[in-house]
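In: Give me a 3D structure for the following:
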Amino acid sequence: MKDQLAGTGTLLRLALRRDRVMVPVWTAVVSLLVLSMPAALESVYATPADRARLVVTMGGNGSLRALYGPLFGDSVGALTAWRSGVFAGLLAGVMSLVIVVRHTREEEETGRQEMLSAAMVGRRAPLTAALLAALVANGMVALVVTAGLAGRGAGGAPALGLGLGATGMVFAGLAGIAVQLTESARLAKGLTGALLGAAFVLRAAGDAGSRTGSSVLTWVSPLGWLEHVRAFAAERWWVLALFAAAVTAQVVTAYVLAGRRDVGMSFLPARPGPAQGRLGSAGALAWRLQRGSLTGWSLGFLAAGLVFGGMTDGATELVGDNERTREIIERMGGQSGIADAFLATMAGMLGLVAALYIVSAVLRLSGEESGQRAEPLLAHAVGRLRWAGGHLAVAFAGSALILLLGGLGLGIGHGQDVAGAVAAALAQLPAVWVIGAVAALLYGAAPRYAVAAWAVAGAALALGWVGPALRLPEAVMDLSPFAHLPKLPGAEALTWTPLLTLTALAAALTAAGLAALRRRDMAA
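Out: Sure, this is the predicted structure:
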C-alpha cells in the first residue's frame, strides 16, 4: 500500500500550487455567504420578539422550509445557520467536486497523469492528493466561518464551520468515485452534480412535509445532516459522525475502484458516436458535446421555477408587516407589490445562476484546447471561427432555453400570468450574455486567465444575493450588468434601452474575443 501512495506529497503540493487562486476565491465566496448574514438579519429582525415570530411563521410555511430548511432557534446565530447553511453547503459541494475532478480525471484526459505515472508515483497517489486538496479547501472554509462567527455562540460557530467542511468532503468522496466510473471529466462533474442536486431535492421534499426536519427524506441527504447539526440551537455533535462514516466509506470505495482500472480507462466507457451525418459540422459536434449538460441545466431550471413560483404566497405571508424585509425584496424585485416583487426577485436569481451555466459552456472551448482535442479539428477544413462559433452558439442559445424553462416553471408554480413570468426570466438574458461574452473575450485574448470568468460570474452572484440586504452603495451594485435590468413582472414600463445596450455590449465583447482567438497561437 505504501508504494501505491508514493509521490502523494509532491502531487498535493502541485495541486495546491495550481489552485492557489481558485481555492481562496471559493473559500471567500462560501464564507461571505455565511458571514454577511448576521448583520443583514439583525437589521431585519432586530428584536427577540421579531425573531420569535419568524420561528412561529416558518413552522407553518412549508414552501420556505423547502428552500431554507426548518428554523430551530431564534438567536441571530440560529437564523444565520438557517438562512445560509443549505446554500453554503451546496457551494462547498461544488467546490469539492471541481477540485477532485480537476486533479484526477482531467489529468488523465490531458495525458499528464500517464507521464507522471511513468515516474515514482503510486497508483492511488493522484486520488489521495486530490482528496487531500479538497480537505485543505474545506478546512479553510470551516476555519474562516468558525472565526467569523466566534462571537455568536460558544459551540455554534465550530458546529456550522465543521458541518460545512464535512458536507464538502462528502461530495469530494462522491467525486472520487465518479472519476473511477466515468471516462471524462465532464461526465464525472455531471454525475456528481446530479447527486448534489438530488441531495437538495430530497432535503427540500422532506423539510416541506415536516416542521422539525424529521422526515426520512431529510435524513438521507447530506444537506439534511448539515441542518441537523443544529448550529446555535442545542448542537447535535453526533451528526458529524454520519459525515465521517460516509466519507470513510466513499474513500474506501474509490480506492478499491482506483486499484482495479488502468490510467485513462473507466468502469462505464462512453458509447461510440455516429460515424457520419449528425457530426458533419463544427456546430453539430459542439451540440453533441454540450447537449447532456444543457439537458441537466434545463431540467434543473424548470424544477427551480416550479419551486420558486409555488413559494410566492408563502413569501408574502412571511414578509407580513416587516418593513425591512419588504424593503430588501423591493430593492431586488421592484416596488410593484410584494408578490410581483418576489417573482421579479426569483427571476433575477434564475438569471444569476444562468450566468454560471453560460461561463461553463463558453469555457468548454478552453477544455477542448487544453485537452488537445481542438488541434486535430483545426488541422483540417474547420476554421477557428466556425469551431468556436459552434460552442458559443450552444452557450448563448442554451442560456436562453434554460431561462425560458425557468420562467415557464415560475409562472406555472405561481398559477398566474405565465407569460409575465416568462418575460421576467427572459429579461435577464442580456446580462447573462454579457457575462458569457466576458468569458469569450478572456478565452480568446488571454486563455491562461480564462478561468477568471468564474470570478466575474461569482461577483455578480454575490452582489445580487447579498448586496440588497447589506445596502451596498448604488455605484457598487451598478458594477453588475443585472443591476441595469427592468424589474419584471410589474414594472410600470418596460425600458428597452438597457436591454439593447447590454445586448450590444455582449456582441462587441464576443466579437473581440473571436478576433483575438483568430490571431493568437493555439494552446498559448
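
In: Please count neighbours and contacts with C-alpha atoms only from this point.
Out: OK.

In: and the helix or strand encompassing Leu127, which residues are buried?
Out: Applying DSSP states H and E as the criterion places Leu127 in helix 125-148. By neighbour count with 16 or more other Cα atoms under 10 Å, helix 125-148 contains the buried residues 125-135, 137-146, 148.

In: how far does it sit from the chain's center?
Out: 18 Å (Cα atoms, centre = their mean, to the nearest Å).

In: as a whole number, average confidence for it?
Out: In this model, helix 125-148 has an average pLDDT of 93.

In: Check stretch 193-213 too.
Out: 83.

In: So which bits of it are buried?
Out: For stretch 193-213, using 16+ other Cα under 10 Å, the buried residues are 193, 195-196, 199-213.

In: mind saving the C-alpha coords of it as PDB?
Out: Written as PDB, here are the backbone C-alpha positions of stretch 193-213 (Å, rounded to 0.1, in the frame of the first residue of the first chain):
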ATOM      1  CA  GLY A 193     -23.500  17.500  -9.700                       C
ATOM      2  CA  ALA A 194     -26.600  15.400 -10.300                       C
ATOM      3  CA  LEU A 195     -26.100  13.700  -6.900                       C
ATOM      4  CA  LEU A 196     -25.700  17.200  -5.400                       C
ATOM      5  CA  GLY A 197     -29.000  18.300  -6.900                       C
ATOM      6  CA  ALA A 198     -30.700  15.100  -5.700                       C
ATOM      7  CA  ALA A 199     -29.500  15.800  -2.200                       C
ATOM      8  CA  PHE A 200     -31.100  19.200  -2.300                       C
ATOM      9  CA  VAL A 201     -34.400  17.900  -3.700                       C
ATOM     10  CA  LEU A 202     -34.600  15.100  -1.100                       C
ATOM     11  CA  ARG A 203     -33.900  17.600   1.700                       C
ATOM     12  CA  ALA A 204     -36.400  20.100   0.300                       C
ATOM     13  CA  ALA A 205     -39.100  17.400  -0.100                       C
ATOM     14  CA  GLY A 206     -38.500  16.200   3.500                       C
ATOM     15  CA  ASP A 207     -38.500  19.600   5.000                       C
ATOM     16  CA  ALA A 208     -41.600  20.800   3.200                       C
ATOM     17  CA  GLY A 209     -43.600  18.000   4.900                       C
ATOM     18  CA  SER A 210     -42.100  18.200   8.300                       C
ATOM     19  CA  ARG A 211     -41.800  21.200  10.700                       C
ATOM     20  CA  THR A 212     -38.900  19.700  12.500                       C
ATOM     21  CA  GLY A 213     -36.900  18.200   9.600                       C
END
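
In: can you list contacts of it?
Out: 59-60, 62-67, 69-70, 72, 90, 93-94, 97, 171, 214-224, 228, 296 (Cα atoms under 8 Å, 6 or more residues apart in numbering).

In: Quick one: mean pLDDT for stretch 29-47?
Out: 82.

In: can you give me how far it is from the chain middle?
Out: That offset, for stretch 29-47, works out to 20 Å (Cα atoms, centre = their mean).

In: Give me the contact list for it.
Out: 51, 76-77, 79-81, 83-85, 88, 91-92, 141, 144-145, 148-149, 322, 324-325, 458, 462, 466, 469-470.

In: Pull out the buried residues from those.
Out: 51, 76-77, 79-81, 83-85, 88, 91-92, 141, 144-145, 148-149, 324-325, 458, 462, 466, 469-470.

In: got the contact list for the closest residue to Asn138 other than its chain neighbours?
Out: The shortest distance from Asn138 to any non-neighbouring residue, by Cα to Cα, 6 or more residues apart in numbering, is to Gly165 (4.5 Å). Neighbouring residues of Gly165 by Cα under 8 Å, 6+ apart: 92, 135, 138-139, 141-142.

In: Regarding Gly165, what is its secondary structure?
Out: helix (DSSP: H, G, I helix; E, B strand; the rest coil).

In: Same check on the one 5 residues further on?
Out: Counting by three-state DSSP, the backbone at Val170 sits in helix.

In: Next, count neighbours for it.
Out: 27 (other Cα atoms under 10 Å).

In: Surely it and Ala246 touch.
Out: Yes: taking Cα atoms under 8 Å as the definition, Val170 is a contact partner of Ala246 at 6.7 Å.

In: Isn't Phe243 up against Gly168?
Out: No: with contact defined as Cα under 8 Å, Phe243 does not reach Gly168; the gap is 9.8 Å.

In: List the buried residues in stretch 402-422.
Out: 402-414, 418, 420-422.
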